[in-house]
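Peer 1: build me a model:
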Amino acid sequence: MLNKSLNFIGKLGSLWGDTLLTLLLLSCFILFLGVKSWSNTCFFLLLLPSLYYIKRSYSYTLQSREKVQLLFIFFAFALPIIATFISQLSRQDWLFRSYDSPSRFLFSILIFFYFTYKRINFSFLLGLTAPLALFITIGNIYFHPEVLLKWPGRLATSFVDPNTFGTYSLVLTSFCLFHLDTSFKTSKLWFFYQLTGFLVGLLLIIGSGTRGSWLAIPAVAFIWLFFNRNKINSSFIYIAITTLIISIVGSSIFFPQTIERFLSGINEISHWLDNTALDSSTGLRLSIWKISWQLFIHQPFFGYGNQGYVSFLNEPWFSSTATTAAKQIMICCGPHNELISSTLRAGLLGGFSVLGLFLIPSFLFVKNAFSQIPEIARASQIGLAFIACVAISSISMEVFHLKYTATFYGLMMAGLAAQIFSHKIEHQSY
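Peer 2: Numbering: from 1, shown residues only. As a prediction, the model looks like this:
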């Protein structure tokens, strides 16, 4: 059977049902950056078996002895839609489009039950699909040169802008990194597959020119080194050094503007602080955040909705805060920060919903990162790296406002948490 050979469905069912589940999970991640709306399509198709098996999966999941952790995970998934509802209720300003992204997190609870019941080896699925997803993505870019013309000097796809592209290229690359066996106990083919995916991922990250995602690289590297510090041998060190050299040389050849772009960010911050250049790329973001802080102080509890703050931007208290360019970007593109954006839309509870999505799963992953059960430890470590990528990148972009990125985050949290709980339930009888 297809699912048995791929070995990431622990509880086998019907041939047709499991084959469909396998195809949905594989294609969802492989085509995430390559086909528009495909991750959303897969997500809603996965809801069908999740609803069909809800009674059995719910009963199975409740066998867990750690029901408090379950409740916290469900609370984290539900908080965005609760925050949106309370905010709109307080303002009597109803916009159902605002529930698009929050609903993805709520529906992820159903998928969590289903994945727990089916005992999906989600971490293995990520290792299997991430390199191929990166290969397809780089092919997609160079077969569509019009995209490169749209974003001069930066990589993207037809529906993924460079900032989002850089962040999720880093996410996929981190999956490859966490599947590199530093002890060389796995097959050489599997090691080469992950290493090649990792190198391609580095090329995409650098080529995106996304400085926000570059900030997350040291955090991901630290998490990986921390958990693999006792497994690294001399052969792997040589490979790592060679990989680093290839990355530096490759980036200087293919993307010579990378170093200049990195250094320009430091200069832009300096010029913004001394008021000599307020409208640089980084300076505009800093001005927008300053605007957002003043808006928050003015109306902290229930927010402004999607665009409710626009009418306030001409108030005199902004005259010394922001340039015309910063106000225009604020109107068309938002504050370029997930925490600030959610706080402006839904008030304090909106900000807490973002923190909950980051911190509550992180607590679960930290608690289980040193588990003696390899599947639990692997899922927890990958989960921490994933949250680090998204949380740090969210400082300079909105990571939950787009439906497909919210879908991806909800699916990742559901899958990794389900792997932890399903193995705990399986081993608690021993």
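
Peer 1: I'd like the mean pLDDT over the one helix or strand Ser123 maps to, please.
Peer 2: Per DSSP states H and E: Ser123 is located in helix 122-142. Average pLDDT, helix 122-142: 92.

Peer 1: and whichever helix or strand comes after it, what's its mean pLDDT?
Peer 2: Per DSSP H and E, the first helix or strand lying C-terminal to helix 122-142 is helix 145-150. Regarding helix 145-150, the rounded mean pLDDT is 78.

Peer 1: for helix 145-150, list every residue counted as buried.
Peer 2: Neighbour counts over helix 145-150 (16 or more other C-beta atoms under 10 Å) mark Val147 as buried. Any C-beta I mention is one placed from the backbone N, CA and C, and that applies to glycine too.

Peer 1: contacts for it next, please.
Peer 2: With C-beta atoms under 8 Å, 6 or more residues apart in numbering as the test, helix 145-150 has contacts from Ile141, Leu155, Ala156, Thr157, Ser158.

Peer 1: residue ranges with poor pLDDT in this protein?
Peer 2: The chain contains residues with pLDDT under 70 at 1-6, 184, 234, 248, 250-265, 271-273, 275-279, 317-322, 429-430.

Peer 1: max-length helix in it?
Peer 2: What stands out as the longest helix in the chain, according to DSSP state H, is helix 338-368.

Peer 1: what is that helix packed up against?
Peer 2: Other helices and strands packing on helix 338-368, by 3 or more C-beta pairs under 8 Å, 6 or more residues apart in numbering; DSSP states H and E, are helix 67-91, helix 281-298, helix 374-393, helix 403-427.

Peer 1: check contacts around the closest residue to Pro361 other than its chain neighbours.
Peer 2: Spatial nearest neighbour of Pro361, chain neighbours left out: Met413 (5.2 Å); criterion: C-beta to C-beta, 6 or more residues apart in numbering. Each residue near Met413 by C-beta under 8 Å, 6+ apart is listed here: Ile73, Ala76, Phe77, Ser108, Phe112, Leu357, Pro361, Gly383.

Peer 1: okay, Met413 and Ile392: tell me how far apart.
Peer 2: 17 Å (C-beta to C-beta, to the nearest Å).

Peer 1: and Ser187, by the same measure?
Peer 2: When Ser187 is compared with Ile392 (using C-beta to C-beta), they lie 33 Å apart.

Peer 1: what do you get for Glu375?
Peer 2: 26 Å.

Peer 1: coming back round to it: could I have the CA atoms of the helix holding Ser123 written out in CSV?
Peer 2: Coordinates of each C-alpha in helix 122-142 appear next as CSV, following Å, rounded to 0.1, in the frame of the first residue of the first chain:
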residue,chain,number,x,y,z
PHE,A,122,4.2,14.5,10.7
SER,A,123,7.9,15.2,11.2
PHE,A,124,8.8,12.5,8.7
LEU,A,125,6.3,13.9,6.3
LEU,A,126,8.0,17.3,6.5
GLY,A,127,11.4,15.7,5.9
LEU,A,128,10.0,13.9,2.9
THR,A,129,8.4,16.9,1.2
ALA,A,130,10.6,19.9,2.2
PRO,A,131,13.5,19.3,-0.3
LEU,A,132,11.2,18.5,-3.1
ALA,A,133,9.1,21.6,-2.4
LEU,A,134,12.3,23.7,-2.6
PHE,A,135,13.4,22.0,-5.9
ILE,A,136,10.0,22.7,-7.4
THR,A,137,10.0,26.3,-6.1
ILE,A,138,13.3,27.2,-7.7
GLY,A,139,12.2,25.6,-11.0
ASN,A,140,8.9,27.7,-10.8
ILE,A,141,10.9,30.9,-10.4
TYR,A,142,13.2,30.4,-13.4
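
Peer 1: just list what that helix packs against, helices and strands only.
Peer 2: In terms of contacts (3+ C-beta pairs under 8 Å, 6+ apart), helix 122-142 is packed against helix 15-30, helix 162-177, helix 188-208, helix 374-393, helix 403-427.

Peer 1: JSON lines for the ones you listed, including distance to Ile217?
Peer 2: Below are the helices and strands packed on helix 122-142 laid out as JSON lines (distance: least, C-beta to C-beta, whole Å):
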{"stretch": "helix 15-30", "distance to Ile217": "21"}
{"stretch": "helix 162-177", "distance to Ile217": "7"}
{"stretch": "helix 188-208", "distance to Ile217": "7"}
{"stretch": "helix 374-393", "distance to Ile217": "9"}
{"stretch": "helix 403-427", "distance to Ile217": "19"}
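
Peer 1: deepest of those helices, which one?
Peer 2: Of all these, helix 162-177 has the most neighbours on average by mean count of other C-beta atoms under 10 Å, namely a mean of 26.

Peer 1: please state the offset of that helix from the chain centre?
Peer 2: Centroid separation between helix 162-177 and its chain, computed with C-alpha atoms, centre = their mean, to the nearest Å, is 8 Å.

Peer 1: got the angle for it vs helix 188-208?
Peer 2: 160 degrees (axes from the mean of the first three to the mean of the last three C-alpha atoms, to 10 degrees).

Peer 1: list the buried residues in the longest helix of the chain.
Peer 2: Neighbour count says helix 338-368 has 338-354, 356-358, 360-362, 364-365, 368 buried, by 16+ other C-beta under 10 Å.

Peer 1: what of stretch 323-333?
Peer 2: In stretch 323-333, counting by 16+ other C-beta under 10 Å, buried: Ala326, Lys327, Ile329, Met330.
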